[in-house]
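Enquirer: Fold the following.
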Amino acid sequence: MGSNRSWVTEFILVGFHLSAKMEKLLFWIFSLFYIFSLLANGTILGLICLDLRLHTPMYFFLSHLAIIDMSYASNNVPKMMANLVNKHRTISFVPCILQTFLYLGFAATECLILMVMSYDRFVAICHPLQYTVIMSWRMCRALAATSWACGFILALVHAVLLLRLPFCGPWEVNHLFCEILSVLKLACVDTWINQVVLLAASVFVLVGPLCLMLVSYIHILCAILKIQSKEGRRKAFSTCSSHLCVVGLFFGIAMLVYMVPDSNQREEEEKILSLFHSLFNPLLNPLIYSLRNAQVKGALYRALQKRSV
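Expert: Okay, here's the model as predicted:
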């Protein structure tokens with residue numbers, strides 16, 4: 001097994017089967033989306049750090065989401081863009097495994113951070129008098145650290161299980177990057193252990209958090225409907241609907257990719273879904289939270305006013 005694995009020096013990333021003209025167009029589109037996602041998430045992160053009014057648990061977790069989105073996109077998108085203008089679409093074995101590890105780590109951490117954000121909204125709306133006690137800074141740091149630790153421990157387990165596999169060829173990864181399901185198809189032994197662990201991890205970071213979030217939002221909806229003030233109900237709905245948009249997009253696509261039975265016919269669809277996760281989702285998150293959030297827009301306005309003075 002060890003000798004077989006030593007044969008692997010690099011993989012070939014197949015990507016999309018497109019004309020050179022279309023690939024060049026995609027390169028510029030990907031570049032714009034990538035730059036805008038970095039700028040949008042960087043702006044959100046900067047505003048949260050600089051504006052004292054945003055030093056609250058909700059924005060603390062939002063800053064972690066911005067860091068994850070920038071890291072998540074930077075792990076996959078630059079290599080995708082390089083492959084669009086380069087016919088030699090290879091990636092060495094170790095960088096490929098590292099890309100898989102980081103991709104899974106950031107994805108799992110984002111799932112858990114989104115769950116923590118829903119818990120924060122649950123406490124804020126359903127238990128407002130106890131909010132500052134329950135969501136203390138110590139609790140917030142512990143929840144964030146636990147999310148990061150669990151996400152990357154799971155990713156490490158996947159990476160270790162991947163490293164034990166022999167890859168005897170062909171070494172063409174039918175994807176845009178080293179996505180774990182596509183890499184597993186190249187192994188020349190049975191990968192049932194990897195598949196079982198991947199399914200168990202998907203249940204842990206997708207199904208479990210999603211169920212807890214649904215329960216939280218049922219309670220939140222009941223609490224919102226009891227609010228007497230129309231303005232109070234509107235503000236509560238606005239904050240929660242932003243979070244629900246992000247959750248629906250992220251969890252929905254992840255469950256389609258990792259929990260629906262795989263088939264050769266779905267390979268091209270999975271590339272597009274993974275592209276959405278890597279490129280569009282990191283851009284949509286800050287737009288959803290900023291365009292629908294009066295406090296973030298207020299912080300941006302104050303920051304721009306300071307610069308103009």
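
Enquirer: how about the helices in the stretch 1-150 of the chain?
Expert: 2-6, 20-50, 57-85, 93-126, 131-134, 137-163 (DSSP state H, counting those that start in this stretch).

Enquirer: Just tell me which of those ends up closest to residue 271.
Expert: Among the helices of the stretch 1-150 of the chain, helix 57-85 comes nearest to residue 271, with 10.2 Å by CB to CB. From N, CA and C alone the C-beta is placed, and that goes for glycine too.

Enquirer: sorry, back to before: if I average pLDDT within each of the helices of the stretch 1-150 of the chain, which one is lowest?
Expert: Set side by side, the helices of the stretch 1-150 of the chain show their lowest mean pLDDT on helix 2-6, which sits at a mean of 45.

Enquirer: Count the neighbours of residue 77 for me.
Expert: Summarising burial for residue 77: neighbours were counted as other CB atoms under 10 Å, giving 23.

Enquirer: Please look at it and residue 279 and confirm they touch.
Expert: Yes: contact status for residue 77 versus residue 279: in contact at 5.9 Å, counting by CB atoms under 8 Å.

Enquirer: tell me, what's touching the two both at once?
Expert: Shared contacts of residue 77 and residue 279 (CB atoms under 8 Å, 6 or more residues apart in numbering): 30, 34.

Enquirer: between the helices of the stretch 1-150 of the chain, which one is nearest to residue 226?
Expert: Closest of those to residue 226 is helix 93-126, at 9.9 Å (criterion: CB to CB).

Enquirer: circling back: any chance of the helices of the stretch 1-150 of the chain in TSV, with distance to residue 218 too?
Expert: Listed next are those as TSV, based on distance: least, CB to CB, whole Å:
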stretch	distance to residue 218
helix 2-6	49
helix 20-50	28
helix 57-85	20
helix 93-126	10
helix 131-134	19
helix 137-163	21
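
Enquirer: Out of those, the one nearest residue 14 is which?
Expert: Proximity of these to residue 14 was assessed by CB to CB; the nearest stretch is helix 57-85, lying at 9.3 Å.

Enquirer: Give me the angle between the closest one and helix 20-50.
Expert: Using axes from the mean of the first three to the mean of the last three CA atoms, to 10 degrees, the interaxial angle of helix 57-85 with respect to helix 20-50 works out to 160 degrees.

Enquirer: now the stretch 201-309 of the chain, which segments are flagged as low pLDDT?
Expert: In the predicted model of the stretch 201-309 of the chain, residues 232, 235-236, 238-239, 261-266, 291-292, 307-309 satisfy pLDDT under 70.

Enquirer: Tell me where it has helices.
Expert: In the stretch 201-309 of the chain, the helices defined using DSSP H, counting those that start in this stretch lie at 208-225, 230-259, 267-275, 281-291, 294-308.

Enquirer: Pick the most buried one from those.
Expert: Mean neighbours per residue, mean count of other CB atoms under 10 Å, is largest over those for helix 281-291, with a mean of 20.

Enquirer: What is it packed up against?
Expert: Secondary structure elements in contact with helix 281-291, counted by 3 or more CB pairs under 8 Å, 6 or more residues apart in numbering; DSSP states H and E, are helix 20-50, helix 57-85, helix 230-259, helix 294-308.

Enquirer: Distance to residue 157 for these - can I get that in a markdown table?
Expert: What follows is the helices and strands packed on helix 281-291, written out as a markdown table (distance: least, CB to CB, whole Å):
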| stretch | distance to residue 157 |
| --- | --- |
| helix 20-50 | 28 |
| helix 57-85 | 18 |
| helix 230-259 | 15 |
| helix 294-308 | 36 |
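
Enquirer: tell me the contacts of residue 125?
Expert: In this structure, residue 125 makes contact with 220, 223, 224, 236, 240, judged by CB under 8 Å, 6+ apart.
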